[in-house]
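S.K.: sequence and predicted model, in that order:
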Amino acid sequence: MDGLEAREFNYLKSLDNKDFRIDSQFYTQMPKKNLALSYDKIGNKLIKSQYGISISMNEDDIGYPIYRMNEIHNMFCDLEVDKCADITPEELNIFSLNDGDVLFNRTNSFEWVGRTGIYKQESNKKNIFASYLVRFVPDVNYILPEYLTTFLNSKQGVWDIKRRARQSINQTNVNPEEVKEIEIPLLSMDIQKKIKTLFDISYENICVSSKLYKEAEDLLLSELGLLDFVPNNDNIAIKSFSDSFSVSGRLDSEYYQPKYDDIVLHIKQAKHDKLDHLVSIKKSIEPGSEAYQDEGIPFVRVSNLSKFELTAPDIHLAYSLFSVDELEKLQPKKDTILLSKDGTVGMAYCMKEDANLVTSGALLHLNIRQAKRAEVLPEYLTLILNSKVVQMQAERDAGGSIIQHWKPSEIQEILIPILSMSIQEQIETKVMQSFILKEQSKQLLELAKRAVEVSIEESEQSAFKLIGEYECLN
């Protein structure tokens, strides 16, 4: 019986649960409470909860920007979203987001489900949210949005969310009514306002970081004459056999759209080279889901990658799978560029330091060749890969499939413009400053989360002390 988890629970009480839970995990993993604190159900402290809109979306800027489940990171809704939805004024009135709304990701992989972020209003910009998400509007007399967001991202909140999650083969779901049943500690307004201040400073850093990154992108595009580039949307192109299949091996008409010729022409007007001439390209591994475990070496997949960061993975691999030499070769080093070739293709991230992790086979490792290090800087090349300069080449090569795949042989052939070293250095400086601010923002949010956890585990006094120590050091 050693190690057996058991808990006796009254059947009649289980009927009170909104989802009629009778699975053992739900009851054996009930969170522990701090008896010195007062608790109440989240639902009792909400003014409103609401599902997002279920509607078709587009990438042509038609309608209003719409938040989806993959556009929440580090306890904030992203500043930019990829898709729009064309909705009526009546629907806009219902689904328009307001400053301080808390968005909860109700369905996704087990790793992502429950991800929660606060929405910050930018000027008069109108944004809406998709049905994968739920909007919570807390009563600020009891719970500030920043505190609710932090609690749902804390280890106590995540624990309670995960035990309520229902897993199927392809996805995991959490009923928002179950989230409203979670009991939240009613911390004092003094500590909640401290949490809000940390969020405010963090958000300011994010905005400045975004501005610097945009300046780096604009400098790149301006130098290439692409700052105001509008793709040719004609869908007819006439190509001879010698200019098409005999060169590319492609017969699909989408590949030959004029907009792709336009971008390539712009690149060729500048000094340029093929990616394969600039970098070595190495594949990683795909051990299969049967090798996944909870502990070991972190295993990074495409879902953990964005152009701004690598998020910590929940999946690990056993160290015993690798020899010392194999592990050394697989682990990305400082200035290695990770590039996605499957799923969401063409995302690139430059490693800031050597990392103790292994990446999936969907991520390629790009390292600038020794002979080319005087010609191209790592952060400059990463920005190029994430810009429309390469994204349109990726769209051309990988388009037309339900699950996109960008062949390494095609990636080798993409064209990279090479600007002067002085311009590259200006770009890299802005990018590095952007990442420093983003990291500072992340640290502030981690402090907010730790302060909430300490308030629950120890006391609010301990949390105030923790925040005060950080403020003294910074």
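M.R.: Looks like it arrived, so ask away.

S.K.: show me which helix or strand of the protein is least confident by mean pLDDT.
M.R.: helix 245-248 (a mean of 52; mean pLDDT, DSSP states H and E).

S.K.: show the subsequent helix or strand relative to that helix.
M.R.: Sequence order places helix 258-268 as the next helix or strand after helix 245-248, per DSSP states H and E.

S.K.: buried sites along that next one?
M.R.: Judged by neighbour count using 16 or more other CB atoms under 10 Å, the buried positions of helix 258-268 are K259, Y260, I263, V264, H266, I267. All C-beta atoms are positioned from the backbone trio N, CA, C, and that covers glycine.

S.K.: tell me which strands and helices it is in contact with?
M.R.: The contact analysis (3 or more CB pairs under 8 Å, 6 or more residues apart in numbering; DSSP states H and E) places helix 258-268 against helix 388-398, strand 415-417.

S.K.: just put those in TSV and tack on mean neighbour count, mean pLDDT and distance to K307.
M.R.: Putting the helices and strands packed on helix 258-268 into TSV (neighbours: other CB atoms under 10 Å; pLDDT from 0 to 100; distance: least, CB to CB, whole Å) gives the following:
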stretch	mean neighbour count	mean pLDDT	distance to K307
helix 388-398	21	92	11
strand 415-417	20	97	16
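
S.K.: quick one, which of these is nearest to E439?
M.R.: Comparing the helices and strands packed on helix 258-268 against E439 with CB to CB, the closest turns out to be helix 388-398 (24.9 Å).

S.K.: so how far is the helix or strand that that closest one is followed by from its chain's centroid?
M.R.: Using DSSP H and E, the next helix or strand after helix 388-398 towards the C-terminus is helix 408-413. Relative to its parent chain, helix 408-413 has a centroid offset of 26 Å by CA atoms, centre = their mean, to the nearest Å.

S.K.: just stretch 203-222 next, same as before
M.R.: Stretch 203-222 sits 18 Å away from the centroid of its parent chain (CA atoms, centre = their mean).

S.K.: show me which residues of that stretch are buried.
M.R.: Using 16+ other CB under 10 Å as the test for burial, stretch 203-222 gives 203, 205-206, 208-210, 212-213, 215-217, 219-221.

S.K.: give me the contact list for it.
M.R.: 76, 79, 120, 227, 229, 383-384, 387-389, 419, 423, 426-427, 430-431, 433-435, 437-438, 440-441, 444 (CB atoms under 8 Å, 6 or more residues apart in numbering).

S.K.: in the stretch 101-250 of the chain, which spans are strands?
M.R.: 102-105, 107-108, 116-118, 128-129, 133-138, 166-167, 172-173, 183-185 (DSSP state E, counting those that start in this stretch).

S.K.: where does the residue positioned nearest the centre of the chain fall, phi/psi-wise?
M.R.: In the chain, the C-alpha nearest the mean C-alpha coordinate belongs to H73, at 5.1 Å (CA atoms, centre = their mean). Main-chain torsions, H73, degrees, to the nearest 10: phi -140, psi 140.

S.K.: out of everything not next to it in sequence, what's closest to K341?
M.R.: Of all residues not flanking K341 in the chain, W406 sits nearest, at 4.4 Å (CB to CB, 6 or more residues apart in numbering).

S.K.: just give me the neighbour total for that neighbour.
M.R.: Counted by other CB atoms under 10 Å, the residues lying close to W406 total 24.

S.K.: please apply the same query to L198.
M.R.: 24.

S.K.: repeat that for F308.
M.R.: Neighbourhood size, F308 [other CB under 10 Å]: 18.

S.K.: do D190 as well
M.R.: D190 has 9 neighbours, counted by other CB under 10 Å.
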